[in-house]
Structure formats: C-alpha cells, structure tokens
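K.L.:
Give the three-dimensional model of this entry:
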Amino acid sequence: MIRASKAVMISLLLLLGYFIFLLWRGMSVPRLPSGLPANSTWIPAPPSPLDLVARGNWVGCTIEGIYNRCVAYSPSANLRYAGLYSPMEGTGPVPEGRLRFSAEDYNPRWLKLKTGEEVPVLFLQDGTVLIPLYGYVELKIWLEQPGHNDNR
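P.N.:
Numbering: from 1, shown residues only. The predicted model follows:
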C-alpha cells in the first residue's frame, strides 16, 4: 500500500514538473533565427490561457532602395512573410535607427487581403506604421478607417 502511494506521488510530481517545464517553454523567448537583421525583435502573441509553446513572431527590417525589406519568422524559425514595406505616412524607407518595434502591441498585426492572403502590418515604437507593398492601397484604406489603426 505504501509502495503504491509512493509511486502515485512520484508520478504526480513528475507530471507537475513536466507541466511547469511546458509553461516555462511557452513563456521563454525562442532563439533568433539566422540571417535576421540586427534590429530584429521577438514579439509575443496576445496571452492565451495555458500557453504551452512559444507564440509570436521574430520581426526585423532593413533598408532596400526606397523601401524597407521586412521579415517575420515563427517561433520555430520558419519564414512567415518577407516583403518590401513603405510607411503609411510619408515617403522613402524608415531609417534603421527608427526601426524599433512595439512589442506591447502584439506586432505584427496580420490582416487578410481580399485575395485571402494574410500579410503583416508593422507598428514601430515611434508610431510609424509600415505596410507591405503587396496590398498597400487596400491595407492603407482599411487602416485609415476609424478604429482600425488603434494599436497605439
């Protein structure tokens, strides 16, 4: 009898330890995928009850000609999106010194185009909104509507 209850206790402790490990893993920042720009930032997804795996995106941008080239990677280092971006207001690329992402806004905001494809819109700490060139006009019109650009 004592032996059986001891085995149950050990099993419960192991199960509890495994559950704590999964919670820790869900809250930890995944390793930076290779090839991402130096300004890349881990942006966690909105909290979910009992997150047992890391959720969010690695996001980074560089300057490419008159645009910014931005990438978004999953926690498992799979490329989710890569493309050219332009600011919602103004022209030209956002300078590298301003390419700082706002993690508290659950950046990027994935929006669905009329084609059905989801693309990330990026929000910088200084309030700049970066929109992918693919779907730029459609996304800009949508974001300009009241209540659609209220990440700040």
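K.L.:
if I look at W142, how far off is T91?
P.N.:
20 Å (Cβ to Cβ, to the nearest Å). Any C-beta I mention is one placed from the backbone N, CA and C, and that applies to glycine too.
K.L.:
what's the answer for E144, then?
P.N.:
In terms of Cβ to Cβ, E144 sits 17 Å off from T91.
K.L.:
Using the three-state scheme, assign the closest residue to C61 other than its chain neighbours.
P.N.:
Spatially, and ignoring its direct neighbours in sequence, C61 is nearest to C70 (4.1 Å; Cβ to Cβ, 6 or more residues apart in numbering). Following DSSP: H, G, I helix; E, B strand; the rest coil, we place C70 in the strand state.
K.L.:
which of E144 and T91 has more neighbours?
P.N.:
A count of neighbours by other Cβ atoms under 10 Å puts E144 above the other of E144 and T91, at 10 against 7.
K.L.:
who does the residue most central in space within the chain bridge with?
P.N.:
Central residue of the chain (Cα atoms, centre = their mean): N57, 2.8 Å from the mean position. Note on N57: beta-bridge partners by DSSP bridges are I43.
K.L.:
residues contacting it?
P.N.:
W42, I43, A45, A72, Y73, S74, P75, R80, N107, P108, P120 (Cβ atoms under 8 Å, 6 or more residues apart in numbering).
K.L.:
ranges for the strands of the protein?
P.N.:
All strands of the chain, identified by DSSP state E, fall at 41-44, 56-64, 67-73, 79-87, 109-112, 118-123, 129-132.
K.L.:
before we move on, back to that, check the gap between the residue nearest to C61 and W142 for me.
P.N.:
Counting by Cβ to Cβ - C70 and W142 are separated by 19 Å.
K.L.:
okay, the two: which has more neighbours?
P.N.:
Neighbours per residue (other Cβ under 10 Å) separate C70 from W142, with C70 holding more: 25 against 15.
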